[in-house]
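In: my questions are about this predicted structure, shown below with the sequence.
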Amino acid sequence: MKTMKFLTVAWLAAVVSMTFVSCSDNGEDPDDKQDDVPYVWGTDGSIKTCDHLLFTAAGQEDVHGTVIGNGDKEFIFKGKQTLSKGTYTLRGWVYVADGAELTIEAGTVIKGEKESAASLIVEPGGKLYAEGSASAPIVFTSAQSKGNRKPGDWGGLIICGRALNNKGVLGQQIEGGPRTKHGGNDATDNSGILSYVRVEFAGYPFQKDKEINGITFGSVGSGTQVDHLQVSYSNDDSYEWFGGNVNCRYLVAYNGWDDEFDTDNGFSGKVQFVLSVRDPRIADTSQSNGFESDNDADGSLTEPFTSAVFSNVTFIGPKDREGFLNTPDYINGGSYFPQNGSALGKFQAAMQIRRSSQLACFNSVALGYPVGLIIDGEKGNTQLIAKEGKLKLQNIFLAGMDITGSDANKRYIDDLYDATGNQVIDANAPSFSTTFFTAQPGNRVFSTTAELKLAADKNLTGAADVAMFPADDSPLLGAAAFTDVALSTGFDKVTYVGAFDGKTNWLNGWTEFDPQNAEY
């Protein structure tokens with residue numbers, strides 16, 4: 001009996017021991033571990049820093065909180081943290097500092113607070129891993145209720161790195177007001193992943209004419225993954241690149257305020273499969289364009305030059321929508337006018353290339369703008385660059401423009417014009433821009449957009465009336481060319497001009513063309 005009792009006690013002890021081991025190894029909730037980790041605080045100048053990112057609405061530490069930022073106007077994150085799928089409020093200017101890493105799970109929604117001009121700013125050396133999917137995109141949007149969202153409801157998304165620009169190492173402060181300086185010497189710099197992400201109603205004007213763009217890239221390197229992005233109703237540019245050489249694919253700019261794709265300060269990345277659609281009642285006081293490209297603000301010949309290469313872009317301008325008129329009475333913002341001091345203006349060109357830019361664009365189509373192309377000679381020597389063959393615009397189809405080209409900003413006349421001296425050279429001769437465009441390989445000009453034979457996708461809620469997909473007999477199909485050396489690497493050698501082949505719609509699943517009424 002004693003032996004039996006001993007064995008029974010030993011057996012029970014072993015079971016209890018195994019139970020405790022099992023709980024220790026497998027049963028511990030990871031969030032409980034986080035609960036035990038204290039928030040570590042510091043300061044960077046006058047700004048508080050912390051290794052945690054989440055707080056309560058009252059600004060209290062809470063690893064399960066749903067507010068990003070502690071409530072201060074500026075807050076610096078210096079840790080490594082993953083935001084689990086859920087809905088969060090972004091408050092204030094939140095910096096992801098050098099060495100910090102923020103991961104955002106697919107399907108997450110982040111609402112930018114209006115009162116604090118909320119913005120997420122990734123600084124050089126910081127990393128953002130925002131990798132959504134076609135079925136579960138990551139959404140940055142307005143915190144305003146459905147039906148009440150406007151351009152400029154919050155700040156925007158800014159990514160900065162250590163790649164080259166033409167202002168030097170940390171030689172340029174990012175546009176829009178944040179403290180961040182960017183730039184370095186690492187062309188392969190990695191700022192993380194931005195994939196299947198939407199940014200809606202960004203661009204809060206913290207000062208007059210000083211807004212943050214929808215997405216801003218400052219000296220971002222080629223080690224960064226950027227694809228499948230949609231920026232909608234930005235209160236400034238939809239996308240802007242200041243230097244860097246990050247490569248981008250599958251970009252959508254929808255109903256922005258100012259320019260759609262703005263390239264500056266030596267940006268030299270490769271960009272393919274791009275869509276721009278304009279709201280005919282929203283245009284900026286500075287004149288809104290599809291492309292706006294500068295080498296720098298002064299048009300200097302400083303290297304590296306802005307020499308980005310775009311291919312397979314579709315620009316859908318305002319002219320074929322709602323009986324468009326390029327007048328203040330018509331361009332009134334409609335129901336999206338934000339009443340935040342932003343000034344309206346006119347639409348201008350599908351492409352405005354100026355100030356010594358060496359931008360290149362191939363296999364693209366633009367329709368329904370007042371002007372097709374402006375090679376602006378007011379500052380710098382862009383027209384000389386074009387004559388020397390350093391400005392490449394090839395296999396581009398223009399359709400339904402009022403005029404093919406103009407030689408100056410805010411000039412809607414196709415004549416030979418001296419933008420530097422503000423005088424007409426020859427009123428009976430076409431503009432330099434028109435002459436250059438029509439002489440380039442593969443370029444074509446169509447009087448009407450109907451000649452392109454484009455169709456809409458009736459299942460694309462919010463944009464079901466926008467004709468952008470080529471029919472089987474569209475001249476866009478089979479018209480692409482990838483023979484130029486600028487296209488030798490980094491591009492898919494497709495056969496069609498524009499963003500779509502007429503068969504596969506890469507917009508499906510992850511885009512939203514009616515964000516005003518989306519349920520978040």
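Out: Looks like it arrived, so ask away. Numbering: from 1, shown residues only.
In: backbone dihedrals for the residue lying closest to G243 once chain neighbours are set aside, please?
Out: Among residues not flanking G243 along the chain, N165 sits closest, at 2.3 Å (CB to CB, 6 or more residues apart in numbering). Every residue, glycine included, has its C-beta placed from N, CA and C. Note on N165: backbone dihedrals following degrees, to the nearest 10 are phi -140, psi 180.
In: look at N165 and say how many residues are nearby.
Out: By other CB atoms under 10 Å, 30 other residues sit near N165.
In: before we move on, what about A479?
Out: Residues lying near A479 (other CB under 10 Å) number 18.
In: and if you look at A343?
Out: Applying other CB under 10 Å, I find that A343 has 11 neighbouring residues.
In: look at it and report its pLDDT.
Out: At A343, the model reports a pLDDT of 94.
In: again with Q34
Out: 57.
In: could you identify the helix or strand that succeeds the host helix or strand of R198?
Out: If you go by DSSP states H and E, R198 is part of strand 192-200. The first helix or strand that comes after strand 192-200 along the chain, using DSSP H and E, is strand 205-207.
In: the helices in this structure, which residues?
Out: For the chain, the helices defined by DSSP state H cover 2-26, 30-35, 382-387, 432-439.
In: if we can go back for a sec, let me know whether the residue nearest to G243 touches W241 as I believe.
Out: No - N165 is beyond contact range of W241, at 9.5 Å (criterion: CB atoms under 8 Å).
In: who touches both of the two?
Out: Counting by CB atoms under 8 Å, 6 or more residues apart in numbering, the residues touching both N165 and W241 are F267.
In: and the closest residue to K210 other than its chain neighbours, how far from G156?
Out: Leaving aside its sequence neighbours, K210 sits nearest to G177 (CB to CB, 6+ apart; 6.2 Å). Computed as CB to CB, to the nearest Å, the G177 to G156 distance reads 11 Å.
In: for D501, same thing?
Out: From D501 to G156 the distance is 32 Å (CB to CB).
In: repeat for S142
Out: Between S142 and G156 the computed distance is 12 Å (CB to CB).
In: who touches the strand holding R198?
Out: 101, 106, 122, 127-134, 136-142, 149, 156-157, 159, 214-215, 224-234, 510-512, 515.
In: quick one: residues contacting the residue lying closest to M401 once chain neighbours are set aside.
Out: Spatial nearest neighbour of M401, chain neighbours left out: G372 (4.4 Å); criterion: CB to CB, 6+ apart. For G372, the contacting residues are 349-351, 366, 398, 401, 403-405, 433, 437, 445, by CB under 8 Å, 6+ apart.
In: out of G177 and G156, which sits in the more crowded spot?
Out: Using other CB under 10 Å, the more surrounded residue of G177 and G156 is G156, with 31 against 19.
In: could you give the bridge partners of the closest residue to I76 other than its chain neighbours?
Out: In space, and not counting its chain neighbours, I76 is closest to T49: 4.2 Å by CB to CB, 6+ apart. Counting by DSSP bridges, T49 is bridged to G42, I76.
In: please report the distance of T49 from D294.
Out: Distance, T49 to D294, using CB to CB: 35 Å.
In: in terms of neighbours, single out the busier of those two.
Out: Using other CB under 10 Å as the criterion, T49 and D294 rank with D294 on top: 25 against 18.
In: for that one, what are its contacts?
Out: 263-265, 306, 354-357, 380.
In: rewinding a little: lowest average pLDDT across the helices of the chain?
Out: helix 2-26 (a mean of 38).
In: returning to what we had before: and the contacts of strand 192-200, which are buried?
Out: For the contacts of strand 192-200, a burial check counting by 16 or more other CB atoms under 10 Å picks out 101, 106, 122, 127-132, 137-142, 149, 156-157, 159, 214-215, 224-234, 510-512, 515.
In: doesn't A399 make contact with N443?
Out: No - counting by CB under 8 Å, N443 does not reach A399; the two are 11.9 Å apart.
In: which of those two has more residues huddled nearby?
Out: Taking other CB under 10 Å, N443 and A399 do not tie; A399 has more neighbours (25 against 18).
In: distance of that one from V96?
Out: From A399 over to V96 (counting by CB to CB), the distance is 43 Å.
In: and L487, by the same measure?
Out: Applying CB to CB to L487 and V96 gives a distance of 34 Å.
In: more neighbours, these two?
Out: More crowded of L487 and V96, by other CB under 10 Å: V96, with 27 against 22.
In: pLDDT value on the more buried one, please?
Out: 98.
In: cool, and T483?
Out: As predicted, T483 sits at a pLDDT of 98.
In: in the protein, where is pLDDT below threshold?
Out: 1-35, 209 (pLDDT under 70).
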